[in-house]
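Q: Pasting a predicted model and its sequence here:
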Amino acid sequence: MKAFIFFVAICSAIIFGCSKTGLQLKNKSHDAGSIFPPGFTDSLLLILPESDDFAAIPQDPRNPLTKEKVELGKLLFHETKLGGNPKMAKGLYTFSCASCHHAEAGFQSAIVQAIGEGGEGFGIRGEGRVPSTAYMQESVDVSPLHSPSVMNTAYQEVLLWNGSMGSSGVNTKTQYAWTGPLLAANFLGYQGLETVAIAGLQKHRFYVDSAWLYSNAIYQNLFYLSFPELPEDKRITTITTALAMAAYERTVLASQAPFQKYLNGDNAAMSANQKAGAKLFFGKAKCSNCHQGPALSSMSFYALGINDMQNGVHGAINIFNNAAENKGRGGFTGRDQDMY
């Protein structure tokens, strides 16, 4: 069991969101028999592209990846100057996307509930972040559920634990549920990453100060190179800021994990313990029946007990009975069969 858990952690698996769109197969030879069962022929389909191999990374056709756009998105993802719409003056410019999706924590939160505005402290991986004593508890911008990892989300057409963000894939017939200012972002027609970036800027109290961004020579140039087709007065907006962030997030891939190096031909990349875990994962334990493709995902939803946070996770705040997020996919679709 220890080997199995270790292997899953190394692979940075996520529950849903797999697509083979844009996958570039590589002809690598490796000792497949040491981790895969006899007759397993899909090892090449498990290979993640490199983060700079833009043609191979799944992407929204309305938001093509370019080197300049990815670089712009990376800067904006970490830019605290976007934290310009706080509830308290003390919170001005004190948070960014990286406050809740930190690289050292696997691009998720190192604590049960990520804290944007209204948090203080950080630690090494974000494990030391706590609600600020200067804030009333209800004013703290805290995630109602654990923040999902950004890693490998290029393979997800819809986003959030309930899959509510994104207009394509399994959401193509859910327009009836696209209500309210956040879910209405689905009507813009983007995939999940782009949609959640657009809605997230609003929900998490960000403010795109176009005048400030335009006055910064680096940002001005990167916006120009990223969106050259747009007129100057429409080039730096909330939408283009979100699209650049999403472009960067699509390049956050676990392509340097030991498992991926092994798939690319480095037989020594994985330890004996990791290989033992992989053997179980792809063999007797049958984990790969659901966890497939480069992101080890299935783009499906499972009853995992999403209401657990509501029922008493130690230290959780701003949790409400009967909140939609506590009902999993059903909280979005309203269908009985999707509850929890």
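A: Now that the structure is in, tell me what you want to look at. Numbers count the residues shown, from 1 in each chain.

Q: in this structure, which residue is closest to the centre?
A: Closest residue to the average C-alpha location of the chain: V150 at 2.5 Å, with C-alpha atoms, centre = their mean.

Q: pLDDT value on the residue nearest to that residue when sequence neighbours are not counted, please?
A: Sequence neighbours aside, F107 is the residue nearest to V150 in space, at 4.0 Å (criterion: C-beta to C-beta, 6 or more residues apart in numbering). To be clear about C-beta, it is placed using only N, CA and C from the backbone, and glycine gets the same treatment. On the pLDDT scale, F107 is placed at 95.

Q: that older thread, check whether the residue nearest to the centre of the chain really touches S109, as I assumed.
A: No. Counting by C-beta atoms under 8 Å, V150 does not reach S109; the two are 10.8 Å apart.

Q: what residues are shared contacts of these two?
A: Jointly contacting V150 and S109 under the rule C-beta atoms under 8 Å, 6 or more residues apart in numbering are H101.

Q: This protein - how does it break down into domains?
A: 2-48+254-289, 67-251 (automatic domain parsing).

Q: looking at these, which is closest to H314?
A: In terms of C-beta to C-beta, the element of those nearest to H314 is domain 67-251, at 8.1 Å.

Q: And the closest one, end to end?
A: The first residue of domain 67-251 is 10 Å away from its last residue (C-alpha to C-alpha, to the nearest Å).

Q: Correct me if wrong: A110 contacts G126.
A: Yes. A110 is within contact range of G126, at 4.2 Å (criterion: C-beta under 8 Å).

Q: which one of these two has more residues nearby?
A: The residue with more neighbours, out of A110 and G126, is G126; 24 against 18, by other C-beta atoms under 10 Å.

Q: ok, now which ones touch the more buried one?
A: For G126, the contacting residues are 99, 102, 104-105, 109-111, 114, by C-beta under 8 Å, 6+ apart.

Q: any idea which helix or strand carries it?
A: Counting by DSSP states H and E, there is no helix or strand that carries G126.

Q: picking up where we left off before, would you tell me which one of the domains of the chain is buried the most?
A: Across those, averaging neighbours per residue (mean count of other C-beta atoms under 10 Å) puts domain 67-251 on top, at a mean of 19.
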